[in-house]
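In: Predicted model and sequence follow; I will ask about them next.
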Amino acid sequence: MSTFNTLDDLPTDARVLVRLDLNSPIEDGEPQDNRRFERHARTVRELAEAGHRVVCMAHQGRPGRDDFTSLAGHASILAEHVGRDVAFVADTYGDEAVAAIEGLDAGEVLLLENTRMCDDELPEAAPEEKAETAFVRTLAPLFDAYVNDAYSAAHRNHASLVGFPLVLPAYAGRVMESEYEANTAIARREFDGPVTMVVGGTKATDVIGVMDALEGTVDRFLLGGVAGELFLRAAGYPVGHDLEGMDLFDEQWAANREAVASILDERGDAIHLASDLAYEDSEGERAEHTLAEIDEKTDAYLDVGSGTVEEYEPLIHESDAVFVKGALGVFEDERFSVGTVGVLEAIAETDCFSVVGGGDTSRAIGMYGLDEADFSHVSIAGGAYIRALTGESLPAIELLEAAAT
Ligand SMILES: Nc1ncnc2c1ncn2[C@@H]1O[C@H](COP(=O)(O)OP(=O)(O)OP(=O)(O)O)[C@@H](O)[C@H]1O
Ligand SMILES: O=C(O)[C@H](O)COP(=O)(O)O
């Protein structure tokens, strides 16, 4: 059980600075609506309805990547879910941001610009150092309370997550509370039968880093996505390379090649790799190659093949618990949704304990008509969720706990 201060403990009529995690898939430059908006909107609505002045902070993407965008579009989506206006200011802590914060009335909501556009937010540093940044020192005096609702970013030592709780009374938001309860239950839970983890997505460095640590928790890993291709590359197949214009594989390969080789060497029996992969053929159709058919680095593989899904299904059916982290393919394109949806359907058919994690991956449940009720928990967290699986504590949460004592 957590020992956080929660929204129930806030003073009345407070000026509240709230950290949300609205990090979302970006298509054609625009954020795509997803569970994060819907869930965080509950916290924001509760605060606004209670008459607080609500100023939200959030990040989007990483500098240098295509998904590093302004939060202007996020404000509109959040407003729809909150059911009231969400003003936006394209500034993090400069004069414009300060003026917008000071102009707020009771019950009004404001979203500040992408925290990662502020130099003080990144890189990771100790909370004491982050608390001394101009970002934190400028904003903190404008508020009575700091609420952290961003469970899914709680593994990052960034200023908006670990700086403010040192200088303002700190509280957990509703998403923070519920995710914490569900995800730590996973680490505490004991299972009678096999525990399976489905590993995919694009953040291979994050998932590979914790696969080792999950040795005692997870009996077997079913791989796909970018991490899956890096394992296939380590096993000698000509996949998992960046083709022209790509930036997914080579850097993560350089960072993880030794870890991947050692996992394959020491836990090879627990690692299940795709036996076929899907790509887009010259007619724009989905086509598949078995591993034996791949002899050149010419195609971008966008999904595991249907043979792989058939091999993964029985492993899921006989599991006592299944954790999903990351999609097995580019499921946003229906042609390449076969792996991700196949695995989710197999989980939904069983009554095993199941958790689907990852902000992007959990979107597949709604997109393909699956019922959220068929899963034990659908987490909106990615990296924080896998760290919770290992029982690792998260710095932003430690600070919330410290604030409550
Ligand atoms: N082979 C592939 N090539 C390119 N992208 C892929 C591939 N396989 C999966 N993906 C992409 O991975 C994304 C999910 O990756 P990500 O690592 O962000 O996982 P997540 O756990 O859902 O998210 P987060 O950690 O951000 O909460 C999907 O949007 C999907 O399009
Ligand atoms: O989407 C996430 O998992 C969180 O927002 C953290 O994002 P990051 O991995 O870019 O820090």
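Out: All right, it came through fine. Values in this document were obtained by computation on a predicted structure and should not be read as measured data. Ligands and ions are numbered 1, 2, ... in the order given.

In: Show me what the helix or strand harbouring V324 is packed up against.
Out: Here V324 sits within strand 321-325, counting by DSSP states H and E. Other elements packing on strand 321-325 under the criterion 3 or more CB pairs under 8 Å, 6 or more residues apart in numbering; DSSP states H and E are strand 195-199, helix 338-349, strand 353-357, helix 383-389. Every residue, glycine included, has its C-beta placed from N, CA and C.

In: Let me know which of these is the nearest to ligand 2.
Out: Among the helices and strands packed on strand 321-325, helix 383-389 comes nearest to ligand 2, with 4.8 Å by CB to the nearest ligand atom.

In: what sits up against that closest one?
Out: The set of residues external to helix 383-389 that reach it, using CB atoms under 8 Å, 6 or more residues apart in numbering, is 151-155, 179, 183-184, 186-187, 197, 203, 206-207, 210, 214, 217-218, 323, 325, 355, 357-358, 379, 381, 394.

In: contacting residues around the nearest residue to G173 once chain neighbours are set aside?
Out: Closest residue to G173 apart from its sequence neighbours, by CB to CB, 6 or more residues apart in numbering: D149 at 2.8 Å. By CB under 8 Å, 6+ apart, the residues touching D149 are V18, R19, L20, D21, H40, T43, A172, G173, R174, V175, M176.

In: Would you convert these into CSV that also reports secondary structure?
Out: CSV is the format used below for the contacts of D149 (DSSP: H, G, I helix; E, B strand; the rest coil):
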residue, secondary structure
V18, strand
R19, strand
L20, coil
D21, coil
H40, helix
T43, helix
A172, strand
G173, coil
R174, helix
V175, helix
M176, helix
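
In: where does the stretch 101-250 of the chain dip in pLDDT?
Out: 185-186, 189 (pLDDT under 70).

In: Give me every residue in it lying close to ligand 1.
Out: G200, G201, T202, K203, G225, V226, L248 (CB under 6 Å from any ligand atom).

In: Spit out the contact partners of I380.
Out: Shown in contact with I380 (CB under 8 Å, 6+ apart): D21, N34, R35, R36, R39, Y151, S152, V175, E179, G359, S362.

In: Regarding it, what is its secondary structure?
Out: Under three-state DSSP, I380 falls in the coil class.

In: how far away is it from L214?
Out: Using CB to CB, to the nearest Å, we find I380 at a distance of 21 Å from L214.

In: Identify each buried residue in stretch 62-69, please.
Out: T69 (16 or more other CB atoms under 10 Å).

In: next one: stretch 207-214
Out: Neighbour-count burial for stretch 207-214 [16+ other CB under 10 Å]: V207, I208, G209, V210, M211, L214.
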